[in-house]
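**Q** Curious how this folds, go ahead:
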Amino acid sequence: MALTSVIIPSYNYAAFLAEAVNSALRQSHSNIEVIIVDDGSTDNTAAIAQRLMQEDVRVRYVYQANQGLSAARNTGIKNTKGEFLVFLDADDVLHEHKVVAHLQHFLSDEKIDISYGSSRYFLSELPEKTYATIALDEQDWMPKVSGSAETVLPALVVNNIMPVCSAMLRRRVAEVVGDFDTALKSLEDWDYWLRAAAAGCVFAYRDDARLAAFIRVHGISMSQNSLRMLQVQYGLRRTQIPRCLQRMVNTTLARQLQQDNAKRRLRCLSSIAAAMGWRSAAFRQLCRGESPVMLLKLAYRLLRRKHNG
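**A** You can find the predicted model right below:
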């Protein structure tokens, strides 16, 4: 079966790297290559990567000066040879049958560009216990949508539909969508799915436990800074989502989604104002260039909140 490339960016995750790499190497589908992209680590990531390369010829190591997660993934893509791509963060692990289950999904329908399933979250201290969300509960948050822009973009306006490690992509997706946005320090996967949907890529969800990636929850997880996540979400709602919706064929649905996104953008901006202080210089900088209508709605919302105590 086809060569599958597993891209593992790592920045100072030497403590977890071997576990992540081995979860890729132990796949029941053996036609695998693993690309470790060291994003300027200052720990012993390089030494561990060298050892892993000596142990298995399917492992390759690429070093770059620190540029961030998106840049590391882009470097990984450029160094792959596979027909299919999997993104795995260096502190996470894959189900042993994940790759073969995705390949079976792709074989069932050649139109599928992005195959995905549900992921599970776990604590480093208790790896045998997994959960449906990063909050370590069983609330089912994934919308499980299949199709192209008309189906997937409405879900993506609401929220990200999956972590990047939940998916497996045909190489043609990377060719059509382009690079991960290096300006984003979080939610770069949400941005990528938005652009993929807008470009006409076909998403397909499959309810199959074998598709799982297991995402580690720990003190240095990049996904735990809520204010930063809100700021990035606001940026996506202000620029990327409206831009993607403009590419929809169904203009009536696009207008409805633009209105929905504007409401969610206002709520997001209001939450940021509460966290940063609406008078702060940082908040004013964030709002620079925002539409007067949006700022008036924000002012009304803040005044009403103050009045209600």
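
**Q** would Asn22 count as being in a helix?
**A** Yes. Under DSSP: H, G, I helix; E, B strand; the rest coil, Asn22 falls within a helix.

**Q** give me phi/psi at Leu295?
**A** Torsion angles at Leu295 (phi, psi; degrees, to the nearest 10) stand at phi -70, psi -40.

**Q** ugh, typo on my part, it should be Thr133
**A** Torsion angles, degrees, to the nearest 10, at Thr133: phi -130, psi 170.

**Q** wait, isn't Leu298 in contact with Ile272?
**A** No. Between Leu298 and Ile272 no contact is recorded; they are 9.8 Å apart, counting by C-beta atoms under 8 Å. (Each C-beta comes from the backbone N, C-alpha and C, glycine too.)

**Q** Break this structure into its domains for me.
**A** With domains defined by automatic domain parsing, the chain comprises 4-224, 227-308.

**Q** Take those domains and write them to CSV, including mean pLDDT.
**A** Shown next, in CSV, are the domains of the chain (pLDDT from 0 to 100):
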stretch, mean pLDDT
domain 4-224, 93
domain 227-308, 91
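
**Q** Tell me which of those domains sits most buried.
**A** domain 4-224 (a mean of 19; mean count of other C-beta atoms under 10 Å).

**Q** Run the chain-centre distance for that one.
**A** Distance of domain 4-224 from the chain centroid (C-alpha atoms, centre = their mean, to the nearest Å) equals 8 Å.

**Q** same thing with stretch 249-259?
**A** Offset of stretch 249-259 from its chain centre (C-alpha atoms, centre = their mean): 24 Å.

**Q** contact partners of that stretch?
**A** Ala149, Glu150, Leu153, Pro154, Val157, Pro242, Leu245, Gln246, Met248 (C-beta atoms under 8 Å, 6 or more residues apart in numbering).

**Q** Was I right to think Ala282 contacts Met276?
**A** Yes. Under the criterion of C-beta under 8 Å, Ala282 makes contact with Met276 at 5.7 Å.
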